[in-house]
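Asker: Build me a structure from this.
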Amino acid sequence: MKTDELHIITQILAGKTGEFAYFLDTYGTQVFSLIVRMVGSEEDAEELTQDTFMKAFEHLSSFNGNSSFSTWIYRIAYNTALSALRKKQTEVLTFDDKLWNTVSETEIDEALDDETEENLEKLRNILELLPPDERALLTLFYEEEKTIAEIAHILNQSEGNIKVKLHRLRKKLYVLMKTKD
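Answerer: Residues are numbered from 1 along each chain as shown. The predicted structure follows:
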């Protein structure tokens, strides 16, 4: 936890509510990115980002400093987006898990490390097919560069569970990329 952030929180709780703008400026873009990845709509993501920061502001006194503020706000954002998606009951992509059991790590690494424009576009399209929680996990790890420990805290899961999910998601992405050829 950044000492200056703890100081800002103390000031906000003491009545200087304008200081909350620091958190909007510092974390607004990242929170929006996570939510838009989950919900797939910029308009919905804007509203949910506002909801996230309102919840954070309303519950700021419950922030205990055991994690960084960014981890705390990401957890609120994740839960806010997931809650909104549950209300919509979006259709989820499913396929047979046996498909990826024969795939080698080398094949996956080669396919996912290919940064050609064509491959990146294919990957972006496939990400839209994934369920929101899987898109969020990939966004936190690859785009936001959060550690496994931070992601585990944000998603309220064990580090081992996060590692297994990331491993399976890499295989799933590979299989989806190969089936879209």
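
Asker: okay, CA-based contacts and neighbour counts for the rest of this
Answerer: OK.

Asker: What helix or strand is residue 28 located in?
Answerer: Using DSSP states H and E, residue 28 sits within helix 21-39.

Asker: and what of residue 146?
Answerer: Residue-wise, residue 146 maps onto no helix or strand under DSSP H and E.

Asker: which residues touch the residue nearest to it when sequence neighbours are not counted?
Answerer: In space, and not counting its chain neighbours, residue 146 is closest to residue 140: 5.6 Å by Cα to Cα, 6 or more residues apart in numbering. Residues counted as contacts of residue 140 (Cα atoms under 8 Å, 6 or more residues apart in numbering) are 34, 146, 151.

Asker: which of these lies closest to residue 88?
Answerer: Ranked by distance to residue 88 (Cα to Cα), the contacts of residue 140 are led by residue 34 at 18.0 Å.

Asker: Touching, the closest one and residue 139? I think so.
Answerer: Yes - judged on Cα atoms under 8 Å, residue 34 makes contact with residue 139 at a distance of 6.3 Å.

Asker: between the two, which one's more packed in?
Answerer: residue 34 (26 against 20; other Cα atoms under 10 Å).

Asker: What's the local residue count around residue 150?
Answerer: 21.

Asker: hmm, back to that, pLDDT for the contacts of residue 140 - can I get that in JSON lines?
Answerer: Listed next are these as JSON lines, based on pLDDT from 0 to 100:
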{"residue": "34", "pLDDT": "93"}
{"residue": "146", "pLDDT": "91"}
{"residue": "151", "pLDDT": "93"}
